[in-house]
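# Only the shape, not the letters, is given here:
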Ligand code: CTP
């Protein structure tokens, strides 16, 4: 984070555009409080792009409507019983919520909504201190009762009140904690982590859809691996994605193999770097596949008589387990199928490094990967996490070679598919020829033309053919 003063100046800029100034003035004129709150305040401090603006007020939903409707281009009721009104004013989309002091029923995490009267109370019931700041408008005064700015500067996630109460009220907040560590690169404060360890089982009352939505946001974040560690360390992963903590295999001192959990997280970090280097946006299918690629290992681990360890068919089993888990989490069918397929294919490349494949084996690899080829490239490369530089260098070179051969074969096949614009029959008809050497010459001329200038269409090809024929005499 840059200096507090610079962040405040940016916040002020954000909150004093013409539309927002107009809104703030209308609330003030009606005798109500009005403040920018939560995510946008946090993001302005972090220099992140702020898109949707959330506001809070002591006005009731009906009063909000009466103030907003006359100046809004559109407005909607997001859930009047929850106290939120949405509106569009020019370029700005805003959501305005009445101060809350909700209590939760503790069983379903559905809040029993109670409206509040003080901004400070609304703020301290929120999930984390960095989300519990507001900018009062039109005065532009920062309200930060829980020390959010300090925590932003320190890079720490802390609950405004006792974490047991906050997570007890809303267990989803434990997953939000993991997600924010992944998005912001922050660390979770010790007391909050301890509370999450204690309350992890209560994540079961949250719907699968909400859980997987948080998981999706976490995985798409820049430091996804950091968020996964929070889920595992808190015991939340045990409830929502048990295959991941199960990767922490006991390592027998006689039967050595790498730590599959650490390997998977290292692979995920590597995949995120490769994804960016190769010009892709954050991609869920890829990241899920990398995280889960070895989940078949615990069940297939076998210690051979000579003390070596094998994981036969962990690719096939892993694909099955991943599909089952992702379906359970309500991920869509395409995502489930793609992730499972990538896991099933993730060992194929290792055959390549052991002996060069025939062209037909390369073609089969491309055909089997289909649309997933680019993700398979990244997964296979990211899977090489050995610290032995000679080994990792050799595998990277082998994969470069495989990609080069795929490109060369694709180009050859494309070239092989190229035909001149006119076929033999057309040439004979245009030039009035019978089959013979001259037809072959004309065909070769048109092929050269096609390679030099691309496809020209029948009419141009015909007139160029006639020119060529005339010049030839
Ligand atoms: N909030 C909360 N507890 C939750 C969800 C939300 O206290 N379980 C509060 C936080 O103050 C948060 C605000 O409501 O800042 C808005 O929530 P939401 O839009 O879900 O999150 P943002 O923080 O805006 O972040 P993002 O848009 O990235 O999800």
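That came in fine, so what should we check first? Note that this is a predicted model, so its numbers are computed, not measured.
# mind listing the helices for the stretch 351-473 of the chain?
359-369, 373-382, 389-416, 424-431, 437-453, 458-472 (DSSP state H, counting those that start in this stretch).
# Need the residues that contact the last one.
Helix 458-472 is contacted from outside by 420, 421, 422, 426, 427, 430, 431, 442, 445, 446, 449, 456, using CB atoms under 8 Å, 6 or more residues apart in numbering. Heads up, the C-betas are built off the backbone N, CA and C, glycines and all.
# at 7 Å instead, please
Identification of contacts with helix 458-472 by CB atoms under 7 Å, 6 or more residues apart in numbering yields 421, 422, 427, 430, 431, 442, 445, 446, 449.
# Taking helix 437-453 as reference, get the angle to it.
On the basis of axes from the mean of the first three to the mean of the last three CA atoms, to 10 degrees, helix 458-472 is oriented at 120 degrees to helix 437-453.
# Then the shortest one?
For helix 424-431 against helix 437-453, the angle by the same axes, to 10 degrees is 100 degrees.
# Pull out the buried positions in helix 424-431.
426, 427, 428, 430 (16 or more other CB atoms under 10 Å).
# tell me which of the residues you listed is nearest to the ligand?
Among the buried residues of helix 424-431, residue 426 lies closest to the ligand (CB to the nearest ligand atom), at 61.5 Å.
# how about residue 182, secondary structure?
helix (DSSP: H, G, I helix; E, B strand; the rest coil).
# Could you do residue 227 as well?
Assigned with three-state DSSP, residue 227 falls in the helix class.
# Distance-wise, check it relative to the ligand.
Distance from residue 227 to the ligand, counting by CB to the nearest ligand atom, to the nearest Å: 13 Å.
# show me what contacts residue 131?
Here residue 131 is in contact with 38, 39, 42 (criterion: CB under 7 Å, 6+ apart).
# tell me, which of those make contact with the ligand?
Contacts with the ligand within those, as defined by CB under 6 Å from any ligand atom: 38, 39.
# Redo the contacts of residue 131 as JSON lines? Include neighbour count.
Listed next are these as JSON lines, based on neighbours: other CB atoms under 10 Å:
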{"residue": "38", "neighbour count": "24"}
{"residue": "39", "neighbour count": "16"}
{"residue": "42", "neighbour count": "22"}
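# Next step: the contacts of residue 131 restricted to helices.
39, 42 (DSSP state H).
# need the contacts of residue 131 in CSV with pLDDT and distance to residue 308, can you?
Shown next, in CSV, are the contacts of residue 131 (pLDDT from 0 to 100; distance: CB to CB, whole Å):
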residue, pLDDT, distance to residue 308
38, 94, 54
39, 92, 52
42, 94, 51
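# Tabulate the contacts of residue 131 (CSV), appending distance to residue 461.
Formatted as CSV, the contacts of residue 131 follow (distance: CB to CB, whole Å):
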residue, distance to residue 461
38, 65
39, 60
42, 63
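# Go ahead and name everything in contact with the helix or strand residue 291 falls within.
For residue 291, the host element (DSSP states H and E) is helix 284-292. Contacts with helix 284-292, where a contact means CB under 7 Å, 6+ apart, come from 216, 219-220, 224, 228, 243-244, 264, 267-268, 271, 275, 318, 322, 335, 338-339, 342-343, 375, 378-379, 382.
# Next, the contact list for the residue in the chain that the ligand sits nearest to, please.
The nearest approach of the chain to the ligand comes at residue 39, 2.4 Å away (CB to the nearest ligand atom). Shown in contact with residue 39 (CB under 7 Å, 6+ apart): 54, 131.
# give me the number of residues near residue 84?
Residue 84 has 19 neighbours, counted by other CB atoms under 10 Å.
# Residue 142: helix or strand, and which one exactly?
Going by DSSP H and E, residue 142 is in strand 141-143.
# who does that strand touch, helix- and strand-wise?
Judged by 3 or more CB pairs under 7 Å, 6 or more residues apart in numbering; DSSP states H and E, strand 141-143 is in contact with helix 119-124, strand 134-136.
# Make a markdown table from those and add distance to residue 166, mean neighbour count and mean pLDDT to it.
Shown next, in a markdown table, are the helices and strands packed on strand 141-143 (distance: least, CB to CB, whole Å; neighbours: other CB atoms under 10 Å; pLDDT from 0 to 100):
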| stretch | distance to residue 166 | mean neighbour count | mean pLDDT |
| --- | --- | --- | --- |
| helix 119-124 | 10 | 19 | 95 |
| strand 134-136 | 18 | 22 | 96 |
